[in-house]
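Engineer: Give me the fold of what follows.
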Amino acid sequence: MSQTLVEEGTPAEFEERAARLLAQHQDEVWRRVDRLFARLMMGQWVVAIAVALLFSPYGWEGKVRSVHVHVQAAVFLGGALSLFPFALVWLRSGTALTRHVVAISQMLWSALLIHLTGGRIETHFHVFGSLAFLAFYRDWPVLLSATCVVVVDHSLRGLFWPESVYGTPDPEWWRLLEHVFWVFAIDLVLLFSCFGARREMREMAERRAAAELASEREQEKSRELDKALTELRDTHEHLIRVEKLAAVGQLAAGVGHELRNPLAAVRNAHAYLSKRLAKPEEAATDARVPQFLALMDRELNNCARIISDLLDFARERALSLQPCPLRPLVDEAMGVVPPREGVRVLNQVPETLPVPVLDREQFRQVLINLVQNAVEAIPLGRSGEVVVRADGGGPEPLRVRVVDDGGGIPPDVLPRIFEPLFTTKKQGTGLGLSIVATRVQRHGGTLQVVSEPGRGSEFIIQLPPAVARAA
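Structural biologist: All right, here's what the predicted structure looks like:
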């Protein structure tokens, strides 16, 4: 136990807890045995009255059977021997006074029963049974009190009324010694039993104290670990924000370059249109006016896309989760992607797929980005196919796959495709896939890509099990 002491707590803390647990256990034992003797006292009272009515007249006066003074002794003296300890058990259960009063009353009950049966030797076994029951307290001073009562009772009654103890008016002188010897013999056995039970209770208390201290240490370690994890998560989130701010700073130069070209084109178109619109009759017949208007619209859309990507990357809007059927959402995302001649976009999401819980707008943008990237991955001038599939859902992980048969991703580029500001396109900020990966992670999922040059790519979104309802 010393090793446990060193590991689980200080000696003083361990000893204090073990002593407290031992006292608590001992008090529970004392109260339980008190209740046992309370019931036993009442039962003995009933038995004593029955013995006084049915047996005492024969035991003391042979064939004469009448209402004897023993009946009064059984009723009144037995009542006193039962009711007083019963009241103490009711009012002061578990106290030392109650235990000793119970022990004295129980041994006086033995004396009364021996008297009522005319000193029959069989009734003397009640003494040994009472001592054994008192040993249930596991408190050796109680046995000492009970033994003193037996010795005093046998000595006095053997001296002044031997017939009530030994069943004969002229017993041998050594009968008292014989009885006392057997009482002390059973006391010796019961004392060893009490000491052994006490030792086992202390060992149990020490083991329980060690277990409780170990549990408290583990709970404390768990709380410290939770605190450390919370601090680590906060630090991680702070680092992410810092990295995003740094990326936004790097992006500022790129945004200036990206916006310069479309804005220059818009400015030139605006200057030309301003001159032509000054003469409405010439503008109406000038074929370049519609071209410049379309150019302005296209380049302004590019500017809006660049700014939108920048804002999406820099801010984190809280998720608004709600049940969202996946197949209609895929149809909606496909309808936003500009079509390309020769490229088929197919929605193969099962209609029976369990409905996941998603942020509809953010996941819609994820699908738009992935489908549009898949369409753009198919080389110009040849036909191709982009397919969106899904399986799982409900109690199983939900997997959404966006598959294309385009040119694939080169092996040296593949590890970097989710990095902010990394792009292989002539136009673009390099934030699209980074935003997609972040939004998938915020849904608790993962985004993986499998690609082989010349054979296409497959982007796999895996979301944790979600509560689904009937579609």
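
Engineer: From here on, just use CA atoms for contacts and neighbour counts.
Structural biologist: Will do.

Engineer: quick one, strands of this protein?
Structural biologist: Here the chain has its strands, by DSSP state E, at 321-323, 343-347, 357-359, 384-392, 398-404, 446-452, 456-463.

Engineer: tell me the most buried of those?
Structural biologist: Across these, averaging neighbours per residue (mean count of other Cα atoms under 10 Å) puts strand 398-404 on top, at a mean of 22.

Engineer: Poorly predicted segments of the stretch 251-400 of the chain, please.
Structural biologist: Applying pLDDT under 70 to the stretch 251-400 of the chain flags the ranges 251-270, 272-289, 292, 298-299, 302, 304-317.

Engineer: coming back round to it: and the strands of the chain as CSV, adding distance to W174?
Structural biologist: Shown next, in CSV, are the strands of the chain (distance: least, Cα to Cα, whole Å):
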stretch, distance to W174
strand 321-323, 95
strand 343-347, 109
strand 357-359, 94
strand 384-392, 93
strand 398-404, 94
strand 446-452, 95
strand 456-463, 93
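
Engineer: ok, so what distance separates E341 from I378?
Structural biologist: 11 Å (Cα to Cα, to the nearest Å).

Engineer: who's more crowded, the two?
Structural biologist: I378 (23 against 10; other Cα atoms under 10 Å).

Engineer: so how far is S457 from the closest residue to the more buried one other than its chain neighbours?
Structural biologist: Of all residues not flanking I378 in the chain, G406 sits nearest, at 4.0 Å (Cα to Cα, 6 or more residues apart in numbering). With distances taken as Cα to Cα, G406 is found 7 Å from S457.

Engineer: Residues in contact with both of the two, list them for me.
Structural biologist: Taking Cα atoms under 8 Å, 6 or more residues apart in numbering as the contact rule, G406 and S457 both touch A374.

Engineer: how many neighbours does G196 have?
Structural biologist: G196: 13 neighbours (other Cα under 10 Å).

Engineer: Run through the residues that contact it.
Structural biologist: By Cα under 8 Å, 6+ apart, the contact set of G196 is empty.

Engineer: And the pLDDT for it?
Structural biologist: Per-residue pLDDT puts G196 at 88.

Engineer: shaky segments in the stretch 51-200 of the chain?
Structural biologist: Along the stretch 51-200 of the chain, the model assigns pLDDT under 70 to residues 55-70, 167.

Engineer: can you map out the helices along it?
Structural biologist: In the stretch 51-200 of the chain, the helices defined using DSSP state H, counting those that start in this stretch lie at 56-61, 69-72, 78-91, 96-116, 125-134, 140-160, 163-166, 175-277.

Engineer: Between helix 96-116 and the third one, find me the angle.
Structural biologist: So the one you mean is helix 78-91. In terms of direction (axes from the mean of the first three to the mean of the last three Cα atoms, to 10 degrees), helix 78-91 departs from helix 96-116 by 160 degrees.

Engineer: ditto for the fifth one
Structural biologist: Orientation note: helix 125-134 sits at an angle of 160 degrees relative to helix 96-116 (the same axes, to 10 degrees).

Engineer: Burial check on R442, number of neighbours?
Structural biologist: Neighbour count of R442, defined by other Cα under 10 Å: 13.

Engineer: just to revisit the earlier point, the strands of the chain: which one's closest to A271?
Structural biologist: Taking Cα to Cα, strand 343-347 is the member of the strands of the chain nearest to A271, at 37.9 Å.

Engineer: I'd like to know which elements the closest one is packed against.
Structural biologist: Applying 3 or more Cα pairs under 8 Å, 6 or more residues apart in numbering; DSSP states H and E, we find strand 343-347 packed against helix 326-336, strand 384-392.

Engineer: residues making contact with it?
Structural biologist: For strand 343-347, the external contacting residues (Cα under 8 Å, 6+ apart) are 327, 330-331, 334, 375, 378, 383-389.

Engineer: Serialize those residues to TSV and add fields for distance to L91.
Structural biologist: Compiled in TSV, these are given as follows (distance: Cα to Cα, whole Å):
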residue	distance to L91
R327	74
V330	77
D331	79
M334	82
V375	88
I378	91
S383	96
G384	92
E385	89
V386	85
V387	82
V388	79
R389	76
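
Engineer: Tell me which two of these sit farthest apart.
Structural biologist: The largest separation in those, counting by Cα to Cα, is between R327 and S383 at 24.6 Å.

Engineer: These two - which one has more neighbours?
Structural biologist: Taking other Cα under 10 Å, R327 and S383 do not tie; R327 has more neighbours (20 against 14).

Engineer: which phi and psi does the nearest residue to that one once chain neighbours are set aside have?
Structural biologist: Nearest residue to R327 in three dimensions, chain neighbours excluded: V349, at 5.5 Å (Cα to Cα, 6+ apart). Dihedral pair for V349: phi -70, psi 130, per degrees, to the nearest 10.

Engineer: Was I right to think V349 contacts L326?
Structural biologist: Yes - the pair formed by V349 and L326 meets the contact definition of Cα atoms under 8 Å, at 7.4 Å.

Engineer: To what extent is A210 buried, counted in neighbours?
Structural biologist: That count, for A210 with other Cα under 10 Å as the rule, works out to 22.

Engineer: quick one: pLDDT of it?
Structural biologist: 86.

Engineer: The spatially closest residue to D27 that is not a sequence neighbour: how many residues sit nearby?
Structural biologist: Leaving aside its sequence neighbours, D27 sits nearest to G94 (Cα to Cα, 6+ apart; 5.9 Å). When counting by other Cα under 10 Å, one arrives at 22 neighbours for G94.

Engineer: Tell me if I'm right that G94 and A23 touch.
Structural biologist: No - at 11.1 Å, G94 and A23 do not qualify as touching, with contact defined as Cα under 8 Å.

Engineer: Mind listing residues that contact stretch 178-194?
Structural biologist: Contact with stretch 178-194 is made by 128, 131-132, 135-136, 138-140, 143, 147, 151, as judged by Cα under 8 Å, 6+ apart.

Engineer: Reformat the residues you listed as JSON lines; add neighbour count.
Structural biologist: Output for the contacts of stretch 178-194, formatted as JSON lines (neighbours: other Cα atoms under 10 Å):
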{"residue": "F128", "neighbour count": "17"}
{"residue": "L131", "neighbour count": "23"}
{"residue": "A132", "neighbour count": "17"}
{"residue": "A135", "neighbour count": "21"}
{"residue": "F136", "neighbour count": "18"}
{"residue": "R138", "neighbour count": "24"}
{"residue": "D139", "neighbour count": "19"}
{"residue": "W140", "neighbour count": "18"}
{"residue": "L143", "neighbour count": "26"}
{"residue": "T147", "neighbour count": "21"}
{"residue": "V151", "neighbour count": "16"}
